[in-house]
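Visitor: Provided below for reference: sequence and predicted model.
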Amino acid sequence: MHINKVLIAVFLLLIVILPMAAQGDKLVNIGLQARVDYQREYLDGNSVKEHSGFKGKDVSILINGKLNEQFSYNYRQRLYRGHGNESFFNATDFLYLTYRPDERWSFSGGKQIFEIGGYEYDLAPIDIFFLSEYCSNIACYQMGVNAGYSFDNGKDLLRLQFSQSPFSQDDSDLYAYNLMWNGSHGCFDSIWSLNMIEYLPGKFINYLALGNRFTFGKVTLFADFMNRSLVDRMSFLRDFTLIGKVEYSFSDKLSVFGKASFDHNDLDEAGDWCVMPGTSMGRVGCGVEYFPLSDRNIRLHATFCHSFGDNGNHAGALLADQQIASVGLTWKMRLLD
């Protein structure tokens, strides 16, 4: 019933905006994307039936455009998520308006991507194959506002964001303060952030998140590091996540990758709701991606991952001696451009 309401709402929205598209070639762009996998999951050598079989991983509609030279908007709605008694916005990844007074400054408000550094975290949901324990548990989209400043001929971008805390499920009066740097310098690209996130009223956890990407011809290396520390008990390398990925592109159509992650938390006080105390959890995996069309709007993939170690959250995403294998198909369509 709730999925039907989402579909009806999106359909009515399309009825309203499609006639507007004739007013200008940049006003409305509409895309649809979907992904279906066949997967098998095993835990301690036993098949996990409820997590095996054909799975609809994603179906979303994307709408963006420019109202004029200074104002633009961006919207992505997941059509497969029921939201029960929660807000319609729980199925909305982002919906925000951006004002650009000049080439350097930008100001945005609405539901946005929560600004945390790291290339694993930066993935769109449709491109996620397997994640670290940390990224499996963080709420990536929050209501907020941000200001951005671009410099060095667009090679660097600083953003300052004030938003709701991703830990504000039971208390919406919790907030976060985020500083992000995106850099692009030759073979090196970065997504770094410094975050102060309220996890309980008046209590904050600090993130130092360093996402790094190095490109050398057909080889791309990703290295993410995140240190998490309770502000009233500052620490380093006691609660952290490491992620490494190597990708090799045989051509524009075919690539393979290997990936590993390690989540660790030996703090004796709760406060990190993503990686619980007592966690020392690893995951390794690999995959292949094939794009039969030159525009890369269709993708075939096959992946495998294995998890090991101890998870302080017994209901966590990663479990000891867990294996997941999947093959799948992704397609993206431009409905209006």
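Guide: That came in fine, so what should we check first?

Visitor: switch to C-alpha atoms for all contacts and neighbour counts from now on
Guide: Will do.

Visitor: Would you agree Phe89 falls within a strand?
Guide: No. Read with DSSP: H, G, I helix; E, B strand; the rest coil, Phe89 is helix and lies in no strand.

Visitor: list the buried ones in stretch 291-299?
Guide: Neighbour-count burial for stretch 291-299 flags Phe291, Ile298, Arg299 (criterion: 16 or more other C-alpha atoms under 10 Å).

Visitor: Then stretch 34-51?
Guide: Of all the residues in stretch 34-51, those buried under the rule 16+ other C-alpha under 10 Å are Ala34, Arg35, Val36, Asp37, Tyr38, Gln39, Arg40, Glu41, Tyr42, Val48.

Visitor: where does the protein dip in pLDDT?
Guide: 1-25, 81-88, 170-171 (pLDDT under 70).

Visitor: let's see 80
Guide: 1-26, 80-89, 169-172, 337 (pLDDT under 80).

Visitor: what ranges do the helices span in it?
Guide: Using DSSP state H, the helices of the chain run over 2-17, 133-137.

Visitor: What are the buried residues along the shortest one?
Guide: Of all the residues in helix 133-137, those buried under the rule 16+ other C-alpha under 10 Å are Glu133, Tyr134, Cys135, Ser136.

Visitor: Tabulate those residues in CSV, adding columns for distance to Thr215.
Guide: As requested, the buried residues of helix 133-137 are arranged in CSV below (distance: C-alpha to C-alpha, whole Å):
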residue, distance to Thr215
Glu133, 26
Tyr134, 25
Cys135, 23
Ser136, 26
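
Visitor: so which of the residues you listed comes closest to Gly110?
Guide: Nearest to Gly110 among the buried residues of helix 133-137: Cys135, at 22.4 Å, using C-alpha to C-alpha.

Visitor: ok, the closest one - contacts?
Guide: Listed by C-alpha atoms under 8 Å, 6 or more residues apart in numbering, the contact partners of Cys135 are Glu120, Tyr121, Cys274.

Visitor: Phe225 too?
Guide: By C-alpha under 8 Å, 6+ apart, Phe225 lies in contact with Gly118, Ala209, Leu210, Gly211, Phe240, Thr241, Leu242, Ile243.
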